[in-house]
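Novice: Sharing a model that was predicted from the sequence below.
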Amino acid sequence: MSTLPMLRVRGPQADDDGEDTSDEDKEEDSNPNKDTHAPLELMTEFLRAEMGHDYHLAKKLCQMILIYEPENPEAKEFFSLIEEMLLMEKAQNLEEDDDESEEDNSESEGESTEDPSEESSDECEDG
């Protein structure tokens with residue numbers, strides 16, 4: 001199993017004068033060059049899903065992070081690794097399904113040679 005990269009969680013950025021730039025009073029569109037960061041809650045949910053091996057949810061959350069931060073190198077790397085993990089899971093599930101269907105087929109062939117229901121139906125009609 002491959003090791004996953006570390007995802008850096010960025011908090012609110014401070015200006016040179018020490019003011020918090022994540023202030024909601026400022027207009028979002030006032031500075032088009034302003035870096036947009038994914039919400040901390042989104043990052044936390046992503047990490048929780050990743051650590052809990054819920055790769056479908058982690059992929060969706062990672063896509064959302066990439067909407068906020070399209071150039072986030074960690075999110076990009078995680079996204080490709082998550083897709084790889086999902087493909088591995090899918091392949092493993094297909095193998096398990098094939099094994100189960102082969103077992104079911106061999107069991108059902110042995111059971112189909114005998115049919116005890118025909119004998120018992122005659123006995124019920126007499127009573």
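Specialist: Okay, I see it. Here the structure is a predicted model, which is why all the values come from computation and not from measurement.
Novice: can you map out the strands along the chain?
Specialist: Per DSSP state E, the chain carries no strands over any range.
Novice: hmm, which helix or strand of the chain has the shakiest average pLDDT?
Specialist: Scoring the helices and strands of the chain by mean pLDDT, DSSP states H and E places helix 117-126 at the bottom, with a mean of 54.
Novice: what about the longest helix belonging to the chain, average pLDDT?
Specialist: Determined from DSSP state H, the single longest helix within the chain is helix 73-111. Averaging pLDDT along helix 73-111 gives 85.
Novice: Next, the buried residues of it.
Specialist: For helix 73-111, the neighbour count (16 or more other CB atoms under 10 Å) marks 74-76, 78-79, 81-82, 85 as buried. The way it works is simple: take the backbone N, C-alpha and C, and place the C-beta from them, glycine included.
Novice: Among those residues, which one sits closest to Gln63?
Specialist: Phe79 (7.2 Å; CB to CB).
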